[in-house]
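Visitor: Based on what follows, work out the 3D shape:
(2 chains)
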There are 2 protein chains.
Amino acid sequence: MKLKNLGVLLFLPFLGFAQKNELVQYVSPIIGTAKMGHTFPGATVPFGAVQLSPDTDTIPYAVNGKYNGEVYQYCAGYQYKNPTIVGFSHTHFSGTGHSDLGDISVMPTVGKVQLNPGTADQPDQGYRSRFDHAKETAEANYYKVFLDDPRVLAEMTTTNRVGFHRYTFPKTDDAHIIVDLKSGIYNYDDKNVWTVVRVVNDSLITGYMQSNGWARTRTVYFAMRFSKPFKNYGAKYDGKEQAYKGFWRKFDQTDNFPDLAGKQLKMHFDFSVADTEQVQMKVALSPVSMRNALQNMEEEVPHWDFEKVKKAGQQLWEAELQKIKVDMLEKDDYVNFYTAMYHAALMPTVYMDVNGEYKGLDQEIHKAEGFVNYTSFSLWDTFRAFHPYMNLINPQRNADMVASMMAHYDQSTLKMLPIWSHYANDNWCMSGYHAVSVIADAIIKGVYKGDGKAALAACVQTANTRRYEGIGPYIDLGYVPDELSGTSVSNTLEYAYDDWCIAQLAKHLGEQDTYQTFSKRAENWKNLFDDRIGFMRPKDSKGNFRAKFDVLETHGQGFIEGNTWNYSLYVPHDPEGLTQLMGGKKRLAVYLDSLFTMHLPDKFFANTEDITREGIIGNYVHGNEPAHHVVYLHNLAGIAWKGQERIRMILKNQYHTGHDGLGGNDDCGQMSAWYLFSTLGFYPVSPGGDEYWLGSPAVKQATLTLADGKVLEVKAVNQSTKNVYVKEVLFNGKRLAEYKIKHADIASGGNLTFVMSSKPNKKLQ
Amino acid sequence: MKLKNLGVLLFLPFLGFAQKNELVQYVSPIIGTAKMGHTFPGATVPFGAVQLSPDTDTIPYAVNGKYNGEVYQYCAGYQYKNPTIVGFSHTHFSGTGHSDLGDISVMPTVGKVQLNPGTADQPDQGYRSRFDHAKETAEANYYKVFLDDPRVLAEMTTTNRVGFHRYTFPKTDDAHIIVDLKSGIYNYDDKNVWTVVRVVNDSLITGYMQSNGWARTRTVYFAMRFSKPFKNYGAKYDGKEQAYKGFWRKFDQTDNFPDLAGKQLKMHFDFSVADTEQVQMKVALSPVSMRNALQNMEEEVPHWDFEKVKKAGQQLWEAELQKIKVDMLEKDDYVNFYTAMYHAALMPTVYMDVNGEYKGLDQEIHKAEGFVNYTSFSLWDTFRAFHPYMNLINPQRNADMVASMMAHYDQSTLKMLPIWSHYANDNWCMSGYHAVSVIADAIIKGVYKGDGKAALAACVQTANTRRYEGIGPYIDLGYVPDELSGTSVSNTLEYAYDDWCIAQLAKHLGEQDTYQTFSKRAENWKNLFDDRIGFMRPKDSKGNFRAKFDVLETHGQGFIEGNTWNYSLYVPHDPEGLTQLMGGKKRLAVYLDSLFTMHLPDKFFANTEDITREGIIGNYVHGNEPAHHVVYLHNLAGIAWKGQERIRMILKNQYHTGHDGLGGNDDCGQMSAWYLFSTLGFYPVSPGGDEYWLGSPAVKQATLTLADGKVLEVKAVNQSTKNVYVKEVLFNGKRLAEYKIKHADIASGGNLTFVMSSKPNKKLQ
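Guide: Model prediction:
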């Protein structure tokens, strides 16, 4: 899609049924699909189980065990620069830096049947097709592209559990729909463990696909219905297994054989079509069974009305977006804002059938009683701003997400809350045990109303899992020793913060002993502060700080996704204590100035994961998460005005409406949630605590609909692109003494007024 | 076990609780474990889901796709001559000629942990152990062996779904129980598709194991409980996958890691034990889930009383055997008879959980409503005598077996009744669609009381599956053409018989059109009778009989498991018509004499599948099934007396009490059912029909308890080993005019008296 046409393309399709002031028109799913945003442009409903989206490539993660670095750019299947589409698959992460999914890839073709995807360089050698962004449209719950090679218009929309495809063919007797069950994101030789397909009749297929990828043991069940009976079909196994192999090959299995199982299965369904004839497909998913997938389809889409499905999904998005109505300075700001809201409503995804069944971490079928089960928790990212945002805007869903984590815990053989969980698995990605932050935050804020003591017990048990990533030595020594792990400082700092969350929850529940224990553990960050250099620094088990240490280095020196410049500030629960250790407010101010303005040598750009060069300001890495709270620390350093200036700069520089509009991985909505909070003028520096730190709002006005119909009005008087400084702040007409606000106040609704100015208010703290 | 000790060994263990006249004492599971009997000596209850039995070897079926002929002898896991035991596994077929199963192999060891089985030649290189048959005992539902290498006494017993192990160790701190989840019968490189194990606590493990073997997509779920907590455990994956692999290896997984998944998983559980300390294990299976497996365990064996389980299972066997009380001529005859009853009550096996759930052919979870679901239907074998025997002795179970087949049909993507089905799969072994025979027989005899019309529809649909093994051409041409298949004559003859069964069922249900259609198809056998040579002979689609044809050859000339000498008589539904085509009764008599007395060149012995040389009499192959009805055709040839002589000869020669007591594969009870019918004096020549042909009983007297408490007394007046000829037969005191008897008469109960003589009665027809 050409950027200059963005407005036109986005607005036009809605004229038919939408009122001009609808918010869904501002959603631009194409944002972040270039470079390292790792978002997907396809169709989905809020938190929908199906994300039906084009994949521009599904190159292997590794072949024969050797990692292929090129795969990284295809974490969400789609990379804007790639000139071909290889298929439309049904599951996608949004904004991750490692990947999986891309299940059940569908591709319409014309002419000779080809069952290999081919390459982007030589698309004619496979079923993939060239395409042109000028003939591509991406809206909330609608994606359309013209496939140049088969000359097929592909359109897709979804319900929660069903992907709805519409393919408009040219006249031909050689139309095909390829269903590649081998294909996948971060795929490799042995990823497909087993596949079963049943061709039930001439227009209905059911099956399942097991894989061993980022999720160790993952099974996706499906039901697939065509609007027109296929006249013929066939299958090919890339693996050595055949449907019925060897000795008992009693059937001719080459064509129209309905009973298939094996590895690396690819199928084609053949049609004769008139000119502009549309072949539609519904593909329903289930975590439990083919039968449930079919039930999901029958209940969610008992018809073939594409427009109805599209409209219903867009109405769900409209309702989601209406929760925050904003008045912004510039037109693009609306696109950025509502696309951020969109990106912050994609994950975690619903992981249960219409009948309430889902597959648990224990690989058993469970029924979700009294909650909606969700999966794909990228907790290292999302505990920071995404879940706090959910507590405000989507409390019921966040409560259900906590319930889902508790179910995960109950089903865990290891007796741990999720670390990075998806599809009845944990992939253990990143550091910390940040589920405890999400749980504490949701309980303390009154959002999760389940059994608090059980939740606390789960948090404590998780935090005491000695066998997990240095927790044993962390408990014994007060820090993770350097020789044990290349990320010992990240681990220690994050454990200490998580321990503080547990302490806050214990306090909230009146569990004094646990409060004491974990309050003490929460101080462990101090053990790795080297006051000779003023930075956090790896320490070995004998108590010696690492000798060879580069404060700019991100890799293998105790940190992950951040160097010590960024990570040394990671004490969100005790920034005052940190400031004291650092030598006081003025030292902190100098530190922050250096961080945001220093010149970072080129080699460190190449070294920093998951973000573009533009994702870095000085040495402040906004494209990764560890420093997401840092800009708010200006308040503590007595230079709140510099923070305000920098917040507005980050909002301006790090988020824009281009396909490359995100400076780093969106990380399952965390980057977007940062944008949303900061645009509204406040930020949860330390989730698990009950306060927000104030920044510089970028809205002129905002109306937030909160739980129980409460309404929060945010108003920025004298707002402009230059008036980035806050003169004073009033809540319900009363000037705030401190530059913070309690969650309880926000959640009760009211009027939060920032008086903006072009001049810094150097007294505001 | 030394043969001469058989009596002592068998009788002794029962003295404690059993009365001397109990029948279970006669069961000798060791019979058939040598050579080609392919029975297993281990513990099971009647038709039990668990068959817990020692495996003397689990050598691979194939490595890198190349078949290993040696594997054949281990179809049941155990081969008498092999001096080592490699493990005790939980599932075994009885008497098959191809195989699968051998799931969850358990082996106690002492000393260094070894996780490879080693070889029979070099047992010390693995966890296997030498053993001595003198220290081995095999009873119904009890197996005991002393393992020489670890000096461990291993004992096992079962309930329906639970295997109960008792291991008596010497004093050691290095006792281990190996659980090899990679091991299996007819195993090979890629057979283990995926395995999941959860170590729930220090004495409970749950998991499942998926395989792609003879059953294409098979999953066995299990729960395993130890009577004593293990002090340590570990795992090894032979495949390349690790529990959590690559990038996110956050745990030390080498020891005591409870959350396992991957391929080719083997585990060890370690104990310190005092001298003669017993460690017990309960292993429950489920076709559905780990949870169900645990429920099966808890409901079936909520205690650790080994003797109670053993006794309860033996009482089930006693009840089963009490259905036929016999008075025999010799002591060994009792062993042969009750062991035959035992072997005819092992398969099919229960395939559903205590809660009624099972996995269907469609890989969905179903609940069996109103029937017990069974699996492992070796129908090519068992339609002949086993299922008719079940209709008589075990009608409820046979009705449930028919219901299970109907459920299979309902779940079939291919819309076919089972051919050779096991564990939610069809392996398509052998020829014909003999489920229709079992169904027709059960309905016509009033045993199956389900929906007859639905059953008929399933039969018709199966018989019209054109894509299956030549059925299309069979329908079009009236025979399967030679060029299509190496077994075209077997197929044609068996289809014709099956079609007759469908016709009988249709007639029974008043479906005249179907009756006509299938009666016509039932005559198709005639199309392959070459009257120039007087044999059945392959014919090509142009109508030409195969030129190069050897009447003694079994392989690749139109037949399977039988040459044309045996197969030409395979028209059980129209032996009169066949006799006519053959040239009349005298020609048939000559044919039969030749068959039973001719000299078969050596090369054909080597060529004949599934039987020992002793399994052949002349050219009559008793060790395979196609000629099982043949000896009864003497009646039709006007030489019933020769048949009587030969029946007694077969009973004497083909069944004895040795470990090599079976001349060929027991074939899931079919060989044993032949023995039982023939010993009782009558045989179902054409199941689906309503009559038995009479032979020469080998009992002195027998009392059969039939359905609804009806009792059939069989009496052989003047019985002796020499008086093999029948002078006359009376039913309820009335002399039979024809040497046949109706099922209805038998089933009503009464007195069937054979008057035996040392002289042939040449008038008896």
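Visitor: Domain map for chain A?
Guide: Per automatic domain parsing, the structural domains of chain A span A:3-319, A:323-757.
Visitor: quick one: the last one to chain centroid distance?
Guide: Just to be clear, that refers to domain A:323-757. Offset of domain A:323-757 from its chain centre (Cα atoms, centre = their mean, to the nearest Å): 14 Å.
Visitor: Tell me if it is near chain B.
Guide: Yes - judged by Cβ under 8 Å from any Cβ of the partner chain, domain A:323-757 and chain B are in contact via A:362-365, A:412-414, A:419, A:427-429, A:467-469. Bear in mind the C-beta positions are built from the backbone N, C-alpha and C, glycine included.
Visitor: Just the endpoints, please. Distance across that domain?
Guide: Start-to-end span of domain A:323-757 (Cα to Cα, to the nearest Å) is 28 Å.
Visitor: Just the closest residue of the stretch 251-400 of chain A to chain B, please.
Guide: For the stretch 251-400 of chain A and chain B, the shortest gap (Cβ to the nearest Cβ) falls at A:Asp259, measuring 4.3 Å.
Visitor: And that residue, what's its pLDDT?
Guide: On pLDDT, A:Asp259 comes in at 93.
Visitor: By mean pLDDT, show me the worst of the domains of chain A.
Guide: Sorting those by mean pLDDT places domain A:3-319 lowest, at a mean of 91.
Visitor: In the stretch 451-600 of chain A, what residue comes closest to chain B?
Guide: The nearest approach of the stretch 451-600 of chain A to chain B comes at A:Glu469, 4.6 Å away (Cβ to the nearest Cβ).
Visitor: My guess is that residue contacts A:Tyr433. True?
Guide: No - applying Cβ atoms under 8 Å as the test, A:Glu469 and A:Tyr433 come out as separate, 9.0 Å apart.
Visitor: Next, the contact list for A:Ala424, please.
Guide: For A:Ala424, the contacting residues are A:215, A:217-218, A:287, A:351, A:358-361, A:363, A:375, by Cβ atoms under 8 Å, 6 or more residues apart in numbering or on different chains.
Visitor: and it, how far is that from A:Pro473?
Guide: Using Cβ to Cβ, to the nearest Å, A:Ala424 is found at 30 Å from A:Pro473.
Visitor: And the helices in the stretch 451-600 of chain A?
Guide: Counting by DSSP state H, counting those that start in this stretch, one finds helices in the stretch 451-600 of chain A at the ranges A:452-463, A:471-477, A:488-509, A:512-521, A:564-567, A:575-582, A:585-597.
Visitor: May I see these organised as a markdown table, with distance to B:Ile178 and mean neighbour count added?
Guide: Below are those laid out as a markdown table (distance: least, Cβ to Cβ, whole Å; neighbours: other Cβ atoms under 10 Å in any protein chain shown):
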| stretch | distance to B:Ile178 | mean neighbour count |
| --- | --- | --- |
| helix A:452-463 | 31 | 20 |
| helix A:471-477 | 29 | 18 |
| helix A:488-509 | 37 | 26 |
| helix A:512-521 | 41 | 16 |
| helix A:564-567 | 47 | 26 |
| helix A:575-582 | 53 | 18 |
| helix A:585-597 | 57 | 17 |
